[in-house]
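Colleague: fold the following and give me the result.
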Amino acid sequence: MGNFLRKTASSLLWSLCRLLPVQKNKVVLCSAGGRGFGDNPKAIALALLDKRRDLDLVWLTKNTDASLPEGIRPCRYGSARAVLELSTAAVWVNDSRGGARYKKKRQKYLQTWHGFALKHIEKSAVNLPEHYIEQCKRDSRQIDLLVSGSAFMTKVYREDFWYDGEIAQFGSPRNDVFFRKTDAGKRVREFFALPEDRQLLLYAPTFRDDGSTDCYDIDPEAVLRACERRFGGKWTALLRLHPNAAKLSAGLFPYNGDTVIDATAYPDMQELLQAASLLITDYSSSMFDYALSGRPVLRFAPDIRQYQAARGFYFPLESLPFPLAERSADLCSMLETFDTAAQQKRWAAFAEENGFCEDGNASRRCADWILEKLKG
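Modeller: Predicted coordinates for the structure are as follows:
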């Protein structure tokens, strides 16, 4: 009965808010279902702030106490107020499914998604709940522009997103940071109270649908020793689980606050990538982001056969330009003989083959598109 009443109240609220006028300078942005200020929408919001200071920028978030830049105001994700903001915004920006129940003729919707796909997504994924599929179809019907970072992702969007509208290969706004100098490294080291000369290894695996932890069977201290032997210097491992697996991070590794640190709660994944000297992941799209930096990327995946059976991949794993280990000891061996120049050559060929169009200007292109729509 309670669920029925909530749904009825939500439908009534959406219906009433349809009667409200669109505010021509309002842009509502959201990332990852309200998880925080990050990803492509963050980069677009900052680009809009650089261009205009008279816009009403609203960020939908589950944590309204989190710090946002001046000029962006928070609104609780999923709240009645969020319905009001979405119903009166001239433009929506999102990097995942969700959005609004209804869309008015004057409203525009920019969908950026959240990364280059290795594992099957949307229509190609197996065992998607029916309610999610219906949400995806509604979301795709509302999109005015879908932003792509490569010819390959344009193909995926066309085939797997229940979408036949406009796609623009602007690049990925969140990856613009790899084309400019930032102080992300300083911020990350200060956040974790680490010396400026400390080299950072970022271990960032994706989540498993069943919540298993066997896939994280890595020996951080041994991996750090291998990094020190190969690259020199003093190293710290930042271990960051996917937001869908964040609750598993506590106690998963021997954290000590100096050489092995839990970075799962750090608010911005792209800043961790910028700060890191080396990335280890498994099937996460972060490997394709990080490769733009030219720094070493390695894959550690003890559960390849199980994961492939459960999710499936767009590419054969052996075709990717990054070394792959299934055991922690093998990962250490790969680190000690790692050839950065050889990886950069493999990555360049992979990026060309798949039509990557990252050039550091994606957020500007998205901001320009939004400003043009606001004029209309």
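
Colleague: what is the helix ranked longest in the chain packed up against?
Modeller: Longest helix in the chain, counting residues (DSSP state H): helix 2-17. Applying 3 or more Cβ pairs under 8 Å, 6 or more residues apart in numbering; DSSP states H and E, we find helix 2-17 packed against helix 80-88. Where you see a C-beta, it was placed from the backbone N, CA and C, and this is true even at glycine.

Colleague: Arg230 is in contact with Leu335, isn't it?
Modeller: Yes: the criterion here is Cβ atoms under 8 Å, and Arg230 meets it with Leu335 at 5.5 Å.

Colleague: the two: which is more packed in?
Modeller: Leu335 (25 against 16; other Cβ atoms under 10 Å).

Colleague: neighbouring strands - and their directions - for the lengthiest strand in the chain?
Modeller: As assigned by DSSP state E, the longest strand anywhere in the chain is strand 23-30. With DSSP bridges as the test, strand 23-30 is paired with strand 56-61 (parallel), strand 89-94 (parallel).

Colleague: out of the ones you listed, deepest packed?
Modeller: Mean neighbour count (mean count of other Cβ atoms under 10 Å) peaks for strand 89-94 among these, with a mean of 26.

Colleague: who's in contact with the longest strand of the chain?
Modeller: Contacts with strand 23-30, where a contact means Cβ atoms under 8 Å, 6 or more residues apart in numbering, come from 41-42, 44-45, 48, 54-61, 75, 77, 85-86, 88-96, 98, 370, 374.

Colleague: again, only using 6 Å
Modeller: 41, 45, 55-60, 85-86, 88-94 (Cβ atoms under 6 Å, 6 or more residues apart in numbering).

Colleague: so which of the strands paired with strand 23-30 gets nearest Gly257?
Modeller: Between Gly257 and the strands paired with strand 23-30, the shortest gap by Cβ to Cβ is with strand 56-61, which sits at 28.1 Å.

Colleague: next, the angle from the helix or strand following the closest one to helix 80-88.
Modeller: Per DSSP states H and E, the first helix or strand lying C-terminal to strand 56-61 is strand 72-76. Per axes from the mean of the first three to the mean of the last three Cα atoms, to 10 degrees, the angle that strand 72-76 makes with helix 80-88 is 120 degrees.

Colleague: and Arg346, what element?
Modeller: Arg346 belongs to helix 340-353, assigned by DSSP H and E.

Colleague: list the buried residues in that helix.
Modeller: Neighbour-count burial for helix 340-353 flags 343, 346-347, 350-351 (criterion: 16 or more other Cβ atoms under 10 Å).

Colleague: equivalent analysis for stretch 294-314, please.
Modeller: 295-304, 307-308, 310-311, 313-314.
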